[in-house]
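J.: With the sequence up front, the predicted model follows.
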Amino acid sequence: MIPLSINDKSTAMIGSFVNRFAIGFLIANTNIPVSPWLKGLLIGLLLSLPDAIITKTYAPILGVGIVGGIIIGFVVGK
């Protein structure tokens, strides 16, 4: 990930963990009538977008959210 100058790193790490946990939780517990990988992509994108906009670090945050969402979607869909 691109190094950011954040004053309170522990708060940033907790926020990042909560965001990634929410992505996995929502992928597993939502019922959207699309394929599981697409559900993962959409939820990963939607939940990662606010953090990317706030930090203005789009590629790494959205990339991890989308790829992680797709992987979780595949795993949950099996």
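T.: Yep, that arrived. Numbering: from 1, shown residues only.
J.: Let me see the contact set for residue 74.
T.: Going by Cβ atoms under 8 Å, 6 or more residues apart in numbering, residue 74 touches 36, 37, 40. C-beta here means a position set from N, CA and C on the backbone, and glycine is covered the same way.
J.: Which pLDDT value goes with it?
T.: Per-residue pLDDT puts residue 74 at 95.
J.: for residue 5, same thing?
T.: pLDDT, read off for residue 5, is 69.
J.: got it, and residue 32?
T.: Residue 32 is given a pLDDT of 92.
J.: And it, how far from residue 41?
T.: 11 Å (Cβ to Cβ, to the nearest Å).
J.: Look at those two and report which has more neighbours.
T.: residue 41 (20 against 12; other Cβ atoms under 10 Å).
J.: Touching, that one and residue 69? I think so.
T.: Yes: between residue 41 and residue 69 there is a contact under Cβ atoms under 8 Å: 5.5 Å.
J.: Show me where the protein has its helices.
T.: 9-29, 36-55, 58-77 (DSSP state H).
J.: For the residue nearest to residue 49 when sequence neighbours are not counted, list the residues it contacts.
T.: Distance criterion Cβ to Cβ, 6 or more residues apart in numbering; nearest residue to residue 49, sequence neighbours excluded, is residue 62 at 6.9 Å. Each residue near residue 62 by Cβ under 8 Å, 6+ apart is listed here: 45, 48, 49, 52.
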